[in-house]
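Q: need a 3D model of the following:
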Amino acid sequence: MKVIDIIVPVYRGLAETRRCVESVLGSANRQSYELIVINDCSPEPEITQWLRDRASEGAFTLLENEHNLGFVATVNRGMQLHGDRDVLLLNSDTEVANNWLDRIVAAAASDDRIGTLTPFSNNATICSYPGFCQSNDLPQGATVASLDAVFSEANRGLTADIPTAVGFCMYIARACLDEVGYFDAETFGRGYGEENDFCLRASKCGWRNLLVADVFVFHEGSVSFSTECTALQQEAMVRLVQKHPDYPRLIRDWIQADPLQMLRRNIDMARLNQGNRPAVLFVAHNSAGGTYKHMRDLAVVLGERLNIFLLEPVGSAVQLSWLNTGECLTATFDLAEEWSRLLDILQRLGIQRVHYHHVMGYRPDTLNLHKALGIPCDITLHDYYLLCPQVHLSDASSRYCGFPQRVACDSCLQERPVDGQLSIAEWRAQYRALMNSADRVFCPAQDVMDRFRTVFDKARYVYAPHPVVGDAELDRVREIDVKDRPIRVACLGALPEIKGVAVLEAAAVDARKQNHRVEYHLIGYGSYKLKERPEANLVVHGQYDNARLHELIDTIAPDIFWFPAQVPETYGYTLSEVLAAGYPVAVTDLGALAERVAGRPNSWACPLNTSPAAWNAFFLSLAGELVPAQNYVPDTRSDFDYSEHYWPAESNESSAVSVTAEDFLPVGIPVLENGHFAGSRLSRAIHYFVTTKVGRMLSARIDTAHKDKVKSMLRL
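A: Presented below is the predicted three-dimensional model:
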């Protein structure tokens, strides 16, 4: 049996290097190999010592560069060590499992013109899974070994031509190296681009670059050059295009066609079939915001026990997605043509419950989706859409309309009519059956429940605050200690008029006019072009990165956060961020915000009609004295816990899943022939056309028998 050289260049990252080396040594391969680790003069002494210790035990062959040669020259040194062996280049931030090498070598033996082979990975651009051309975390509950086992079975023996290998794990045939030469160290010395250049040179010599579809290798990504990888990649791309001007077009066209889609879907289907978890369908609008965050949080909380799917409108169609953390499975259905097909797929997915989070943007028969499937449903109230088409209970001036005390709803609708010129009674009547049919109507605040009960009195309400994912609310509130400076008041998030952007601006103008020692900060942006003006004590920080929000807040160092909402909110995720950081808070005495801060120290609910001048007077009163920090116990009035009560353990029976990859692909995706994707230029053009909206609509009108004939004729 021939011997394969597995070459691992090392520079930084002891933990990642140990994981990589130990995973290679611990994998269960029959193929003979020599593990060659090359220390490229690492600046981390602990790496050098660990490598020497393990090499002295005979675990692997260790080469050490006296001076740092750079990634490409280091790899070339390893490939030149044995001139008669195929090589496998493996980054030091990877992890392998099972008999991964056996499967790669088997694929290499299938054709003597195979030059390079690359497996699937979580972080491998065109070879990435679950998300194509992106860096992915491992799917929730998966390990490298368990995921690789799925690839081994679901894509057994399958390969696909790719335009270039991906260097994190790259098998190169010795005959290909002999003809094409080694990596271009002079051009790509520090790394990035060298494998692309090699593969393009190999292709011109008639060698094939293949994806090994039945192997998965984990890749951390950019450990050695994490602080400078972007600059290196940009420099490498310039050099690569200089050598190969057609490279950008080649990659763009290939990505647009996405011929690996079927192979990724095979894995999705296999994992769905083996998961043995009950399935729930969320129904929602396609807008970002609190609704979407809540659904994502539920997917985290419930994802170990449930498969969660999301249905959302996309124009006249709907998109079905696998919502569990880390998943990227989607499919689009034209409701006018594919309603029956959608129902069939939902049944075969084993959906046991429909959970309506929002019904804006759907045609009326979607409200009976649970009845069409013959299963129960739940509802979560994220706003007041089912009560009023104005959604937020706002009047024409973007202020609270007064519901339920005020009874001028029809005149409001006449002023701002909805589609169909419905009266308020007609509007509510179309949702009454849905509300009454739900097993549970989840309300994130008692205030929400009380308002809805005035109209839908027969619904079965459950008071259920949204689950906390991330930082929990602190049990200690910071003190306000201003001393000899202006008090800093911060507003957080996107601030439309209903959330008080005009009140903020007016208060900031009044503070400057009256020379008050109050300094306002908007961490976010307003609904209109809110500017920092000489006549306003206001700093607008603009849109922020959620991952760095608390770093930004610490830089600003607010004394108190202010939520000047002009309508009753139903929850408020921006408030959650502030509570988690333990800041003092001021809100208007309306809706869920006031409810959530009730009884919390250093937290105030002020009247809705408080004037800008009165707000300034209020904040100045806080600046005049030290308000001490206090311990407290956050409100726990609700007995409902999503992790315990949403899907009780005794209800954990799952339905059999019988979907296939074709159910989640546009009709016409190329199939496999002799273990790899094949297809003429015409077939690829048809494949691209049926992925477009027009193509999907036309394809839906063709029966399966005729589609099969076309596929056969074109050998798709």
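
Q: only C-alpha atoms from now on, for both contacts and neighbour counts.
A: Noted.

Q: buried residues in the helix or strand in which residue 263 is found?
A: For residue 263, the host element (DSSP states H and E) is helix 261-275. Residues of helix 261-275 classed as buried by neighbour count (16 or more other C-alpha atoms under 10 Å): 261-273, 275.

Q: could you find the closest non-adjacent residue to residue 387?
A: Nearest non-adjacent residue to residue 387, counting by C-alpha to C-alpha, 6 or more residues apart in numbering: residue 428, 6.0 Å away.

Q: contacts only, for that neighbour.
A: Neighbouring residues of residue 428 by C-alpha atoms under 8 Å, 6 or more residues apart in numbering: 386, 387, 388.

Q: before we move on, what about residue 624?
A: Contacts of residue 624 (C-alpha under 8 Å, 6+ apart): 482, 483.

Q: next, it: phi, psi?
A: With angles defined as degrees, to the nearest 10, residue 624 sits at phi -80, psi -10.

Q: so how far is residue 517 from it?
A: Using C-alpha to C-alpha, to the nearest Å, residue 624 is found at 11 Å from residue 517.

Q: coming back round to it: next SSE after whichever strand or helix holds the residue nearest to residue 387?
A: Applying DSSP H and E as the criterion places residue 428 in helix 424-437. Next in sequence after helix 424-437, counting helices and strands by DSSP H and E, comes strand 440-443.

Q: output that next one in CSV with nothing but the alpha carbons.
A: Below are the C-alpha coordinates for strand 440-443, written out as CSV (Å, rounded to 0.1, in the frame of the first residue of the first chain):
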residue,chain,number,x,y,z
ARG,A,440,-52.2,29.0,23.6
VAL,A,441,-51.9,32.7,22.9
PHE,A,442,-48.6,33.7,24.3
CYS,A,443,-48.4,37.3,25.7
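
Q: what's the first helix or strand after it?
A: Downstream of strand 440-443, the next assigned helix or strand under DSSP H and E is helix 446-453.

Q: thinking again about what came up before, closest to residue 19 out of the contacts of residue 428?
A: Using C-alpha to C-alpha, residue 386 is the member of those that lies nearest residue 19, at 52.8 Å.

Q: distance of the closest one relative to residue 285?
A: Distance of residue 386 to residue 285, computed by C-alpha to C-alpha: 13 Å.

Q: do the same with residue 255
A: Residue 255 sits 29 Å away from residue 285, taking C-alpha to C-alpha as the criterion.

Q: and if you look at residue 644?
A: 27 Å.

Q: higher neighbour count, those two?
A: A count of neighbours by other C-alpha atoms under 10 Å puts residue 285 above the other of residue 644 and residue 285, at 20 against 11.

Q: thinking again about what came up before, check the offset of the helix holding residue 263 from the chain's centre.
A: The gap between where helix 261-275 is centred and where its chain is centred comes out at 19 Å by C-alpha atoms, centre = their mean, to the nearest Å.

Q: what does stretch 147-163 give?
A: On C-alpha atoms, centre = their mean, the centre of stretch 147-163 falls 24 Å from the chain's centre.

Q: same check, this time on stretch 346-356
A: Offset of stretch 346-356 from its chain centre (C-alpha atoms, centre = their mean): 22 Å.

Q: what's in contact with that stretch?
A: Applying C-alpha under 8 Å, 6+ apart, the external contacts of stretch 346-356 come out as 278-284, 369-370, 373, 375-380, 654-659.

Q: buried ones in that stretch?
A: Buried residues in stretch 346-356, counted by 16+ other C-alpha under 10 Å: 346, 347, 349, 350, 351, 352, 353, 354, 355, 356.

Q: just want the most central residue of the chain.
A: residue 326 (6.6 Å; C-alpha atoms, centre = their mean).

Q: which residues does that residue contact?
A: 130, 136, 137, 138, 139, 140.

Q: mind checking which of the residues you listed are buried?
A: If we count by 16+ other C-alpha under 10 Å, these have these buried: 130, 136, 137, 138, 139.

Q: for the third one, which residues are in contact?
A: Which is residue 137. Per C-alpha under 8 Å, 6+ apart, neighbours of residue 137: 122, 326.

Q: go ahead and list the helix or strand containing it.
A: Going by DSSP H and E, residue 137 is not in any helix or strand.

Q: gap between it and residue 330?
A: 18 Å.

Q: can you tell me the SS state at residue 522?
A: strand (DSSP: H, G, I helix; E, B strand; the rest coil).

Q: check what pLDDT it gets.
A: On pLDDT, residue 522 comes in at 94.

Q: please shift the residue numbers so they start at 26 in all later answers.
A: In the new count, where the first residue is 26, that last one comes out as residue 547.

Q: doesn't residue 515 make contact with it?
A: Yes - judged on C-alpha atoms under 8 Å, residue 547 makes contact with residue 515 at a distance of 5.8 Å.

Q: touching both of these two, which residues are there?
A: Contacts common to residue 547 and residue 515, judged by C-alpha under 8 Å, 6+ apart, are absent.

Q: the helix or strand hosting residue 550 pairs with which strands?
A: Using DSSP H and E, residue 550 sits in strand 543-551. Here strand 543-551 is paired, per DSSP bridges, with strand 512-520 (parallel), strand 563-565 (parallel).

Q: give me the angle between the helix or strand following the last one and strand 512-520.
A: Under the assignment DSSP H and E, the closest C-terminal helix or strand after strand 563-565 is helix 574-581. Computed by axes from the mean of the first three to the mean of the last three C-alpha atoms, to 10 degrees, the angle separating helix 574-581 from strand 512-520 equals 150 degrees.

Q: continuing past helix 574-581, what's the next helix or strand?
A: Next element after helix 574-581 (DSSP H and E): strand 585-588.

Q: list the buried ones in stretch 307-324?
A: 307-311, 315-317, 319-324.

Q: likewise stretch 644-651?
A: Buried-residue list, stretch 644-651, by 16+ other C-alpha under 10 Å: 644, 645, 647, 648.

Q: which residues touch the helix or strand where the first one lies?
A: Translated: residue 644. If you go by DSSP H and E, residue 644 is part of helix 637-648. Residues from elsewhere that reach helix 637-648, judged by C-alpha under 8 Å, 6+ apart: 505-508, 511-512, 514, 528-529, 531-532, 535-536, 541-543.
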